[in-house]
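Peer 1: I'd like to go over a predicted model; first the sequence, then the structure.
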Amino acid sequence: MPDELDLLRGANPVPADDPHFGEGPLDHDAERRLNRLLHGRNSSGRRRTRWTWSLATVMAVAVTATALLLAGPNTTPAVAAPRPLLVHADSTPVPLARMAEIADAAAEDGAPKLLRGTHVQTWSMGMSEDKPPITLPVERVVRWRADASHTELVVATDPQHPGRLVLSEGDDEPGLVEDGHVISEQTFGPSWSDAPPESPPPHDPQRLKAYLQEAQHQDTALTTPELLDAVQVLLNHWTLGARENAAVARMLADAGGLRPVGRVTDRLGRPGQAYVCDGRGYRLMLIMDPVTGAVLGLENTAAVAEPQWGLKAGDVMDYSAWMR
């Protein structure tokens, strides 16, 4: 892992003589490499715990124990792992094929349109062998300009616990900061890449599937969990329009492997329909808007305990909630 992360830091556009070389936000190529590294499987075939792509999370890999010490024994556990989303007991599951029909109907007038950039809240777990797991909640906003430059704002915040302290990377070492603390604010020069996921996604389900396969740099067809990973990457680059939402819903319905479980309320308080997919040692839950068929969130939960990492069955390893 250190060698691979060093390679990623080497792709960072910060000058090598800068004292914070390797600590700035990753460029797009490095971000894709980090995604392939952390979304892959380890030698035992188990899914690796996924990490959000912010600077603070990359730093948390090496400094989890330090952060816990800084928090102190009497500090409110502001970075405790969120509980898994609960399905409402009185709800009726909506088949994914029906959700695709809803998304198709919502896309008839073509609005809203596709937007480049993203607005997402993430909760991502960091683990070490000698300390309990910690969760870093952050909000990331990426906005593109007409000249193909873009800005990225990353803020330490947790909407589930407004006002609480949040884990953040500092100048020298990580610690707890106030909710709303700006972790990084960057402006990037023009970029005209035409390779997925930088190029606009198609709104045809089959073409979209091929697009996501190219974005994941994979030669073989994506499995359903891999499709969900690819959709996550897509949503971290684009705010989908109604037609793209419909293509995602139809693609996932055609792929199979996702079973409807019922109604949930997501971490931003929005109603959603949930669909789950089981893997080796993990469970993915996709949350979709019941009115538009848009993807609202994705939750990755441990299905088995890993005591050496302090991981219990049912722990949320990471969660993303996208906003328009």
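Peer 2: Cool, got the structure.
Peer 1: stretch 232-243: which residues count as buried?
Peer 2: Going by neighbour count (16 or more other Cβ atoms under 10 Å), the buried part of stretch 232-243 is 232-243. For glycine as for every other residue, the C-beta is placed from the backbone atoms N, C-alpha and C.
Peer 1: report the rounded mean pLDDT for it.
Peer 2: If you average the pLDDT over stretch 232-243, you get 98.
Peer 1: tell me how far the ends of that stretch are from each other?
Peer 2: 17 Å (Cα to Cα, to the nearest Å).
Peer 1: per-residue confidence for Gly310?
Peer 2: pLDDT, read off for Gly310, is 80.
Peer 1: and His217, how many neighbours?
Peer 2: Neighbour count for His217, taken as other Cβ atoms under 10 Å: 12.
Peer 1: please disregard the earlier target; I meant Gln213.
Peer 2: Around Gln213 there are 18 residues (other Cβ under 10 Å).
Peer 1: now it, nearest residue through space, not along the chain?
Peer 2: Closest residue to Gln213 apart from its sequence neighbours, by Cβ to Cβ, 6 or more residues apart in numbering: Leu222 at 5.5 Å.
Peer 1: and the one you found, helix, strand or coil?
Peer 2: Local secondary structure at Leu222 is given as coil here, using DSSP: H, G, I helix; E, B strand; the rest coil.
Peer 1: can you check the one 5 residues further on too?
Peer 2: Assigned state for Leu227: helix (three-state reduction, three-state DSSP).
Peer 1: ok, it - contacts?
Peer 2: 209, 212, 251-252, 255 (Cβ atoms under 8 Å, 6 or more residues apart in numbering).
Peer 1: over to Leu228?
Peer 2: 252, 277, 284, 286, 298.
Peer 1: give me that answer again for 10 Å
Peer 2: 39, 222, 252, 255, 257-258, 275, 277, 279, 284-286, 295, 298, 300 (Cβ atoms under 10 Å, 6 or more residues apart in numbering).
Peer 1: what's the closest of the buried residues of stretch 232-243 to Val166?
Peer 2: Asn236 (20.2 Å; Cβ to Cβ).
Peer 1: how near is Gly163 to Val141?
Peer 2: According to Cβ to Cβ, to the nearest Å, Gly163 and Val141 sit 20 Å apart.
Peer 1: those two: who's more crowded?
Peer 2: A count of neighbours by other Cβ under 10 Å puts Val141 above the other of Gly163 and Val141, at 15 against 11.
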